[in-house]
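Trainee: Need coordinates for the following:
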Amino acid sequence: MRRLPLLAFVSVCACSGSRAEQKMSFEELYSEPEPSTYRAAAAPEHAPANPALRRAAPEPSAELQSALSTFAERSRSFRRQVARGGTMPAGQAENWELMNGLLDAFLSRAVERTDARDVSRARTVLEAELELDGRTYGDMPGALAEGVVLRVGRLAVRMAELRRLEHPEDVGGLPRLSWPVEPVTITSVFGQRWHPIMGELRRHLGVDLAAKQGQVVYTAAKGVVLRAGWNGDHGLQVEVQHDGRWLTRYSHLSRVLVEPGEVLDLGHAVGLAGETGLATGVHVHFELWRDGQALDPLDALPDEDAQRPRGPPVARSDTGS
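Mentor: Down below sits the predicted model:
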């Protein structure tokens, strides 16, 4: 099975912006399984259209909270049985897989039927355990690591959806943006995180989106290019000015496809994905700013399945790298 360094993957798309115990056998740890803890509940029906009824519907999931506690306890047990730098036991990999499956069932619920406390708790536990595993084990199965990071991103999106639903007054003034790459896989979210290169806690001023080398990156809204070129740790970056003093930034590009002053429509190609600047892998670091303040882009983005118009990528011989 393909394996890769875990701490590098935890922020496989880490940027310069601001973002981790010796050997019990699998049989010993799982000799008395608790199937009820991990049994995925059937997704409830969608909430009624009435907003008042929607807000009253969500209830914390006792099953999810119990599963998260059990998952964390088992993770600690495995770390105590392995020397630092050792290989992740098969039992811990299965522990992660079970947790991923339960989260899939939880996230299949309609937004209106989701309790924000469950989302916050799940995201906190996953991020903490992933970092602790990264500090303990030397590597992690690649497909498993990708799956965990994907679900952390989906939890972040769900929390943004809940904020918009419960507090529309807080996000009513935000622009309606579109995703700059497709398909959408969030590998690092906005806020405090452990930076994998600098080795310290930093504030991450945007979201990181998985991408392939050379994948086309599109503008999230119509606007005017303010800057297009090298910007230190961000590598090749495009900055676009939008209505209402909003800015979006697209960093770590391998090539720039626009020029300062160029007017762009929604979905116009601004560059090609890469890993220029301070980055541990190919990805797009996407930021949203207003009046010098960085905001969480997820509050202004739709769900991952939203479609939008695309403009043809136009390469320029005088702006690439």
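
Trainee: Residue ranges in the stretch 101-250 of the chain under the pLDDT threshold?
Mentor: 167-173, 192-202 (pLDDT under 70).

Trainee: rerun at 90
Mentor: For the stretch 101-250 of the chain, the stretches with pLDDT under 90 are 109-114, 116-117, 120, 123-124, 126-128, 130-176, 183-205, 226, 232-233, 243-246.

Trainee: where along it do the helices fall?
Mentor: For the stretch 101-250 of the chain, the helices defined by DSSP state H, counting those that start in this stretch occupy 116-136, 142-166, 168-171.

Trainee: how about the ones you listed in a markdown table, adding distance to residue 286?
Mentor: (Glycine included, C-beta is placed from N, CA and C.) What follows is these, written out as a markdown table (distance: least, CB to CB, whole Å):
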| stretch | distance to residue 286 |
| --- | --- |
| helix 116-136 | 19 |
| helix 142-166 | 12 |
| helix 168-171 | 17 |
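
Trainee: closest to residue 237 out of those helices?
Mentor: For the helices of the stretch 101-250 of the chain, the distance to residue 237 is smallest for helix 142-166, at 21.9 Å, taking CB to CB.

Trainee: and of the helices of the stretch 101-250 of the chain, who's closest to residue 187?
Mentor: Closest approach to residue 187 among the helices of the stretch 101-250 of the chain (CB to CB): helix 142-166, 5.1 Å.

Trainee: quick one: buried residues of that closest one?
Mentor: For helix 142-166, burial by neighbour count (16 or more other CB atoms under 10 Å) applies to 144-165.

Trainee: so residue 260 sits in a strand?
Mentor: No. Per DSSP: H, G, I helix; E, B strand; the rest coil, residue 260 lies outside any strand segment and is coil.

Trainee: Give me the pLDDT value at it.
Mentor: As predicted, residue 260 sits at a pLDDT of 92.

Trainee: And for residue 281?
Mentor: 88.

Trainee: remind me, longest strand of this structure?
Mentor: When the chain is parsed with DSSP state E, its longest strand is strand 246-256.

Trainee: now for it, which elements pack on it?
Mentor: Using 3 or more CB pairs under 8 Å, 6 or more residues apart in numbering; DSSP states H and E as the contact test, the elements touching strand 246-256 are strand 223-230, strand 236-242, strand 269-273, strand 283-290.

Trainee: would CSV of those strands with mean neighbour count and distance to residue 204 be doable?
Mentor: Output for the helices and strands packed on strand 246-256, formatted as CSV (neighbours: other CB atoms under 10 Å; distance: least, CB to CB, whole Å):
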stretch, mean neighbour count, distance to residue 204
strand 223-230, 17, 21
strand 236-242, 22, 16
strand 269-273, 25, 18
strand 283-290, 24, 9
